[in-house]
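S.K.: The sequence and its predicted three-dimensional model are supplied below.
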Amino acid sequence: MGGAIGLGPKNLSMISLQLKDGRQIQARYDANGGLGYTPWPGSFAMAKFLETRKDELDLANMHVLELGSGACSVSGLMAALLCKEVDLTDRLEVLEELDQSINFAFQAVHPRPKVTAKVLDWKDLEFTETAFKPGKADLILMSDVVYFPMLRRPLLHTLLFLCNARTKVLWANCDRYPSFEPDMARFLEVFGDFFEMTVEEERDQVGCGGPNEVVGGKVTIRSMKISNAENA
């Protein structure tokens, strides 16, 4: 999740996700952390979706970029096991924790997945334009990125720069959080002017995994593609 806010001293907890082939993803997160430092249901749902659809999506041949990975990206770590190459991105202040999360998850995995933590701040489009190339990523992942309204436009501009007509975007988002309900309707309205969106899956938050599930809440996974490259 983008827009990281850290709260309080670190109190590291462990989470794990079992793959169908027997492999296991292990990650640490800060139980006292704020946004960007703890895993959210959307990331777990995305991870499970990627494993289920890995052949259909041809993930083994995909270069993947994740936006707003946060310090403990379950979906990004899953992508690292399934995809050809993965870039996990977030703001500079999260990067050290994100890199540590990668190293911890894959310390005993050989060969090590090709996964890198990189700075990508949605509010610094000028830097993004110098550090990333449009269309380089075959697949862009986003989990629980719709939270702060003021980040809606920066995220849109970042996506429009990174995508071309061939780029596929997968976006998983909760409809509510323990103390906040995002304006999903406004997000869909704004992004719908530029992207075709298809609902791929909807599931209950409870059972997805992690410490932040909301009873009665849902996670929806959508696929997105630029609908009008000229307007973009």
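M.R.: Right, received. Where do you want to start?

S.K.: what about stretch 102-121, start to end distance?
M.R.: End-to-end distance for stretch 102-121, by Cα to Cα, to the nearest Å: 19 Å.

S.K.: Show residues contacting it.
M.R.: 25-28, 67, 69, 76-77, 79-81, 84-92, 95, 98-99, 127-128, 131-132, 158 (Cβ atoms under 8 Å, 6 or more residues apart in numbering). All C-beta spots, glycine's among them, are computed from the backbone N, C-alpha and C.

S.K.: likewise stretch 164-172?
M.R.: Identification of contacts with stretch 164-172 by Cβ under 8 Å, 6+ apart yields 42-43, 45-46, 49-50, 57, 75, 134-135, 137-145, 159, 163, 195, 200, 219-226, 229.

S.K.: For it, buried residues please.
M.R.: By neighbour count with 16 or more other Cβ atoms under 10 Å, stretch 164-172 contains the buried residues 164, 167, 168, 169, 170, 171, 172.

S.K.: Sort out for me which of the residues you listed are in strands.
M.R.: Judged by DSSP state E, the subset of the buried residues of stretch 164-172 located in strands is 168, 169, 170, 171, 172.

S.K.: Of these, which is the nearest to residue 13?
M.R.: residue 172 (21.6 Å; Cβ to Cβ).

S.K.: Can you classify residue 198 as helix, strand or coil?
M.R.: Taking DSSP: H, G, I helix; E, B strand; the rest coil as the rule, one finds residue 198 in the strand state.

S.K.: Make CSV from the buried residues of stretch 164-172 and add pLDDT and distance to residue 15 to it.
M.R.: As requested, those are arranged in CSV below (pLDDT from 0 to 100; distance: Cβ to Cβ, whole Å):
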residue, pLDDT, distance to residue 15
164, 94, 35
167, 97, 30
168, 98, 27
169, 98, 25
170, 98, 21
171, 98, 22
172, 97, 17
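
S.K.: got a list of what residue 216 touches?
M.R.: With Cβ under 8 Å, 6+ apart, residue 216 has these contacts: residue 176.

S.K.: can you do 7 Å?
M.R.: If you count contacts by Cβ atoms under 7 Å, 6 or more residues apart in numbering, residue 216 has none.

S.K.: Pull up the per-residue confidence for it.
M.R.: Per-residue confidence at residue 216 stands at 97 (pLDDT).

S.K.: where's it, which helix or strand?
M.R.: Using DSSP states H and E, residue 216 sits in no helix or strand.

S.K.: measure it to residue 142 for me?
M.R.: Per Cβ to Cβ, to the nearest Å, residue 216 is found 23 Å from residue 142.

S.K.: Would you mind stating the distance between the closest residue to residue 54 other than its chain neighbours and residue 61?
M.R.: Ranked by Cβ to Cβ, 6 or more residues apart in numbering and with sequence neighbours excluded, the top spatial neighbour of residue 54 is residue 82, at 5.0 Å. Per Cβ to Cβ, residue 82 is found 11 Å from residue 61.
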